[in-house]
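J.: Sequence first, then the predicted structure:
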Amino acid sequence: MSTATDIYYDPYDFEIDADPYPVWKRMRDEQPLYYNEKYDFYALTRFDDVEGGLKDHGRLISGRGTLLEIIKANVVMPPGMVIFDDPPSHTCYRGLLSRVFTPKKMTALEPQVRKFCVDALDPLVGTDRFDLVEVLGARMPMRVIGMLLGIPEEDQQSIRDSIDDGLRLESGEMPDAQDLEAMNRALSEGGYGEYLDWRAKNPSDDLMTMLLEAEFEDHTGVRRRLTRDEVLGYVRLLAGAGNETTTKLIGWTGKVLSDHPDQRRALAADRALVPLAIEEVLRYEAPSPAQARYVAEDVEYHGQRVPQGSSILLLNGSANRDERRFPNGERFDIHRRIDHHLSFGFGIHFCLGAALARLEGRVALEELLKRFPDWTVDLEGAVRARTSTVRGWDKLPVVIG
């Protein structure tokens with residue numbers, strides 16, 4: 001295939017990750033099927049192509065992993081990790097979680113989510129600066145998912161730190177996926193495994209107990225309960241996904257509204273606009289902007305063949321700004337009416353926690369505006385999160401007023 005030598009995209013490059021949008025726009029316009037020789041992967045950037053790829057679970061499969069480095073390292077996916085699974089087993093595993101993550105049940109969590117936000121923000125009233133990620137973005141989502149899973153509050157921060165350490169890139173190169181998997185196994189046994197064994201003897205009204213006691217018919221037709229490893233897979237997935245993306249959403253909300261003070265002031269004056277604003281932040285700065293797939297059989301895009309055995313990135317962060325789908329897609333607009341974006345995926349792997357993430361993002365912004373209608377991000381003190389799977393901020397100090 002032809003290549004444009006002056007177009008280079010690398011998901012591990014820190015400089016590109018700081019602002020990938022110019023190169024993504026060039027890829028959309030000039031090379032909608034992109035190939036990276038260094039890491040041997042293809043990439044799609046246009047909305048229709050990415051949405052189609054997310055739906056094409058027969059040819060672009062998730063069972064080999066959804067991170068490029070995991071696919072390349074041939075890491076064996078553990079059971080119970082729904083995002084790393086394909087039908088027919090995916091259908092059974094997802095069905096168990098879908099009983100819990102219904103919009104109605106997530107809406108019922110709003111009073112508790114709001115309390116967590118109030119607890120975090122009230123002590124800061126009167127201060128002139130604080131770190132939005134540290135006091136709210138990292139803390140509230142962990143408290144919510146910890147409450148749902150049944151993880152003691154005093155242990156939640158250490159678990160979150162372990163998750164962060166496992167995702168963090170130490171250099172601008174592809175990480176060693178074997179090290180990542182070893183960390184995950186150690187976290188399961190040293191952290192989640194202990195909680196699981198205790199909960200098996202002390203059932204309660206939480207997700208961990210529900211997973212331990214649930215009966216289901218698996219893809220072979222056998223009616224059974226989940227194995228211990230399967231439950232651990234679920235817990236690992238929920239603890240990680242329930243933290244990282246919502247933390248990044250809250251950070252981006254603070255950053256983007258600092259960059260657009262007129263729109264922030266409009267939200268402070270009319271908080272009925274907050275749900276629209278959260279949806280626009282999700283579109284404009286996707287917390288998880290790249291989804292990897294293994295190509296199980298040949299597929300063609302723009303007249304060019306992607307051979308079986310390849311790896312392909314579906315760049316939903318680029319698709320969300322595709323002008324072919326969103327007029328003036330590079331412009332942030334809290335009044336934009338969005339049919340749907342791709343920040344939560346699409347198709348059978350659409351994020352089960354989408355309703356919870358939207359709720360957390362909305363309540364966090366409402367409570368923030370109630371106390372601090374004006375803020376500016378201190379970019380000199382801000383620290384980017386360096387990972388291959390989520391994009392956002394580890395530290396985001398804001399100056400009030």
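T.: Thanks, I have it. None of these values were measured; they are calculated from a predicted model.
J.: quick one: stretch 67-82 to chain centroid distance?
T.: Here the centre of stretch 67-82 is set off from its chain's centre by 17 Å, with Cα atoms, centre = their mean, to the nearest Å.
J.: Over to stretch 236-250?
T.: For stretch 236-250, the separation from the chain centroid amounts to 6 Å (computed by Cα atoms, centre = their mean).
J.: residue contacts, Leu226?
T.: The contact partners of Leu226, by Cβ atoms under 8 Å, 6 or more residues apart in numbering, come to 80, 96, 211-212, 214, 216, 234. In short, each C-beta sits where N, CA and C put it, glycine included.
J.: Distance of it relative to Arg236?
T.: For Leu226, the distance to Arg236 equals 13 Å [Cβ to Cβ, to the nearest Å].
J.: Repeat that for Asn243.
T.: 11 Å.
J.: How about the secondary structure of the nearest residue to Val135 once chain neighbours are set aside?
T.: The shortest distance from Val135 to any non-neighbouring residue, by Cβ to Cβ, 6 or more residues apart in numbering, is to Ala120 (5.3 Å). Following DSSP: H, G, I helix; E, B strand; the rest coil, Ala120 is assigned to helix.
J.: Wait, Ala120 touches Gly137, no?
T.: No: in this structure Ala120 lies outside contact range of Gly137 using Cβ atoms under 8 Å: 9.5 Å.
J.: which of the two has more neighbours?
T.: Neighbour count, other Cβ atoms under 10 Å: between Ala120 and Gly137, Gly137 has more, with 29 against 22.
J.: tell me the contacts of the nearest residue to the more buried one once chain neighbours are set aside?
T.: Closest residue in space to Gly137, ignoring its immediate chain neighbours: Ile250 at 3.7 Å, by Cβ to Cβ, 6+ apart. Ile250 is in contact with 132-133, 136-137, 140-141, 360-361, 364, counting by Cβ under 8 Å, 6+ apart.
J.: related to what we said a few turns ago, neighbour count for Asn243 and Arg236, which is higher?
T.: More crowded of Asn243 and Arg236, by other Cβ under 10 Å: Asn243, with 24 against 20.
J.: I figured Thr107 hits Leu359, correct?
T.: Yes: between Thr107 and Leu359 there is a contact at 6.9 Å, judged by Cβ under 8 Å.
J.: Please say which of these two ends up with more neighbours.
T.: The neighbour count for Thr107 versus Leu359, taken as other Cβ under 10 Å, is higher for Leu359 (23 against 11).
J.: returning to that earlier point: can you check the pLDDT for the residue nearest to Gly137?
T.: Looking at Ile250, its pLDDT reads 97.
J.: Over to it. Which of the three states is it?
T.: With three-state DSSP as the criterion, Ile250 reads helix.
J.: likewise Leu313?
T.: strand.
J.: Could you do Tyr12 as well?
T.: Tyr12 ends up coil, using three-state DSSP.
J.: Just give the number of residues close to the closest residue in space to Val231 that isn't next to it in sequence.
T.: Excluding its sequence neighbours, the residue lying closest to Val231 (Cβ to Cβ, 6+ apart) is Leu211, at 4.8 Å. Leu211 has 24 neighbouring residues, counting by other Cβ under 10 Å.
J.: Sticking with Leu211, tell me its helix or strand.
T.: helix 207-213 (DSSP states H and E).
J.: Remind me what that helix packs against, helices and strands.
T.: helix 139-149, helix 193-201, helix 228-259 (3 or more Cβ pairs under 8 Å, 6 or more residues apart in numbering; DSSP states H and E).
J.: In CSV, list the C-alpha atoms belonging to the shortest one.
T.: Okay, so that is helix 193-201. Extracted C-alpha coordinates of helix 193-201, given in CSV (Å, rounded to 0.1, in the frame of the first residue of the first chain):
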residue,chain,number,x,y,z
GLY,A,193,-8.1,-12.5,45.8
GLU,A,194,-8.1,-11.8,49.5
TYR,A,195,-11.3,-9.8,49.3
LEU,A,196,-12.9,-12.5,47.2
ASP,A,197,-12.1,-15.3,49.7
TRP,A,198,-13.4,-13.2,52.6
ARG,A,199,-16.5,-12.3,50.8
ALA,A,200,-17.2,-16.0,49.9
LYS,A,201,-17.4,-16.6,53.7
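J.: Quick one: list the elements packing against it.
T.: Partner elements for helix 193-201 (3+ Cβ pairs under 8 Å, 6+ apart): helix 207-213, helix 228-259.
J.: what's the closest of those to Asp155?
T.: helix 228-259 (11.1 Å; Cβ to Cβ).
J.: orientation of that closest one relative to helix 139-149 in degrees?
T.: 150 degrees (axes from the mean of the first three to the mean of the last three Cα atoms, to 10 degrees).
J.: residues of helix 228-259 that come out buried?
T.: For helix 228-259, the neighbour count (16 or more other Cβ atoms under 10 Å) marks 228, 230-258 as buried.
J.: do the same with stretch 266-283
T.: Using 16+ other Cβ under 10 Å as the test for burial, stretch 266-283 gives 267-268, 273-283.
J.: Just the buried subset of the contacts of Leu226, please.
T.: Listed as buried from those are 80, 96, 211-212, 214, 234; burial here means 16+ other Cβ under 10 Å.
J.: Centre-most residue in the chain?
T.: With distances taken as Cα atoms, centre = their mean, the residue of the chain nearest its centroid is Thr245 (3.6 Å).
J.: How about that one, nearest residue that isn't a chain neighbour?
T.: Nearest to Thr245 is Pro287, by Cβ to Cβ, 6+ apart, at 4.3 Å.
J.: which SS class is the one you found?
T.: Pro287 - assigned by three-state DSSP - is coil.
J.: Now it. Its backbone dihedrals?
T.: Note on Pro287: backbone dihedrals following degrees, to the nearest 10 are phi -60, psi -30.
J.: Contacts only, for it.
T.: Applying Cβ under 8 Å, 6+ apart to Pro287 gives the contacts 244-246, 248-249, 252, 343, 390-392.
J.: Go again with 10 Å.
T.: Counting by Cβ atoms under 10 Å, 6 or more residues apart in numbering, Pro287 touches 244-252, 281, 317, 343-344, 357, 361, 385, 389-392.
J.: Now do it, the pLDDT please.
T.: For Pro287, pLDDT reads 95.
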